[in-house]
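J.: Sequence and predicted model, in that order:
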Amino acid sequence: MDVKISREQLLPVLSRVVAVVERRQTLPILGNLLFRAQDGGLTIVGTDMEIEMRSRCAADVVEEGEGTVAARKLGDICRSLVEGSEIRLKMTGARCILTAGRGRYVLGALPTQDFPVFETVSSGVMIDLEEGVLKRIFEKTAFAMAQQDVRYYLNGLLLEFDGSGVRAVATDGHRLACYVHACALAVPKSRAVILPFKTVNELRRQLSFGSTIVHIEVGERMVRFVLGDTVCSSKLVDGRYPEYGRVIPAGLSKVAVANREVLRRALSRTAILSNEKYRGLRVSFETGVLRLVAHNPEQEEAVEEMELEYSGEPTIIGFNVAYLADLLGAVDGDEVQVHFDDGNSSSLWRGVGAVDETYVVMPMRL
């Protein structure tokens, strides 16, 4: 393999693919990227065996072929090159030679036959969504995913597809985020899949709020997202997601409305003096006033008060301040509406009039 390519062409593609490569691998080959030069272009593939990122860019192909090279080292070298550099990548045996200007770098290469071949999506359902819609779905819900829960099915995001649209749900057992995007989908029957934590975060990072169509192919064990010249393939979490509808409270008797940005800023200030381990915060709903109180083991205290549209009985609820900050960052609108009963039951949060979003937060015992 022998290709010539500009730094500005290579670097964006390289950055997208390198991101899925883990810094610590069980197999040496997983620390490498696969390069394939053919048909006037360069295809780069990276994987961790759970997710595969594949991207292609135009290049001057001197000699077609393929090879592997250390992902992080190559990425660091290319980022360090000056803008406008012309790069030449040449694979010779167990070496990859990179030349740029007056610099020459010789990197080790592993056999291409050792690079894992990712499973293809079989008997899949095809779904098309705008890039911005998919990113919004993830941004509205992904923060509530668990990360290292023994209930492995919580370490991901539930996506449900049917003819009326897409529903996304994430929960870590202490909070829940649910968002519905209504649209007409050509889906013969409803499907529900759990995307892994890493896959969701990689897509969040790479997607923009543009109008480009993302082609999604959902199989039994795999899912594939195709956006232009980039393809993200991922294994699905094999498990049964909990019946989240039973967690969403109904018929809550008390309703309060607060300015979202004012509340968000007040939370960030009081959080400074909250317990660093438990992040607990006492939230007091009183007529016309919302009071936030935080303490820590050093006997320090923070108290904030703000205006609140509320005329019910005074109610005090303990919350994890990080949970409230996360949901306020995702809520639509200038005002947030809180539904609750007492300090021992779940509360429901959403933007005023934003019926497509639902955020549930469990109380904390302080």
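T.: That came through fine.
J.: measure E160 to R167 for me?
T.: According to Cβ to Cβ, to the nearest Å, E160 stands 4 Å off from R167. Just so you know, the C-beta spots here come from the backbone N, C-alpha and C atoms, and that holds for glycine as well.
J.: Over to D128?
T.: For D128, the distance to R167 - Cβ to Cβ - is 17 Å.
J.: what about these two, which has more around it?
T.: Set D128 next to R167 and count neighbours by other Cβ atoms under 10 Å: R167 wins out with 21 against 12.
J.: Chain neighbours aside, what residue packs nearest to G75?
T.: Counting by Cβ to Cβ, 6 or more residues apart in numbering, G75 lies nearest to V18, which is 4.6 Å off, once chain neighbours are set aside.
J.: and that neighbour, what are its phi and psi?
T.: Here the main-chain torsion angles of V18 (degrees, to the nearest 10) amount to phi -60, psi -30.
J.: Would you mind listing the residues in contact with it?
T.: Residues counted as contacts of V18 (Cβ atoms under 8 Å, 6 or more residues apart in numbering) are L33, G46, A71, R72, G75.
J.: any idea of the pLDDT on it?
T.: Per-residue pLDDT puts V18 at 94.
J.: Which parts of stretch 300-315 count as buried, going by neighbours?
T.: By neighbour count on 16 or more other Cβ atoms under 10 Å, the buried set for stretch 300-315 is A302, E304, L308, Y310, T315.
J.: Farthest pair within these?
T.: A302 and Y310 (21.4 Å; Cβ to Cβ).
J.: Could you pull out the helices in the protein for me?
T.: Taking DSSP state H as the test, the helices found in the chain are 7-18, 71-80, 131-141, 197-206, 260-270, 321-330.
J.: Could I get the buried residue list for the longest one?
T.: By neighbour count on 16+ other Cβ under 10 Å, the buried set for helix 7-18 is R7, L10, L11, V13, L14, R16, V17, V18.
J.: Off-centre distance for it?
T.: 20 Å (Cα atoms, centre = their mean, to the nearest Å).
J.: Kindly report the same for the third one.
T.: The gap between where helix 131-141 is centred and where its chain is centred comes out at 9 Å by Cα atoms, centre = their mean.
J.: Show me what counts as buried in it.
T.: E131, V133, L134, K135, R136, I137, F138, K140, T141.
J.: Just send these back as a markdown table, with pLDDT too.
T.: Compiled in a markdown table, these are given as follows (pLDDT from 0 to 100):
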| residue | pLDDT |
| --- | --- |
| E131 | 96 |
| V133 | 96 |
| L134 | 97 |
| K135 | 97 |
| R136 | 97 |
| I137 | 97 |
| F138 | 98 |
| K140 | 97 |
| T141 | 98 |
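J.: Identify, from those, the entry nearest to G93.
T.: E131 (40.9 Å).
J.: The closest one and F209 touch, don't they?
T.: Yes. Here E131 lies in contact with F209, judged by Cβ atoms under 8 Å, at a distance of 7.4 Å.
J.: Count the neighbours of S274 for me.
T.: 23.
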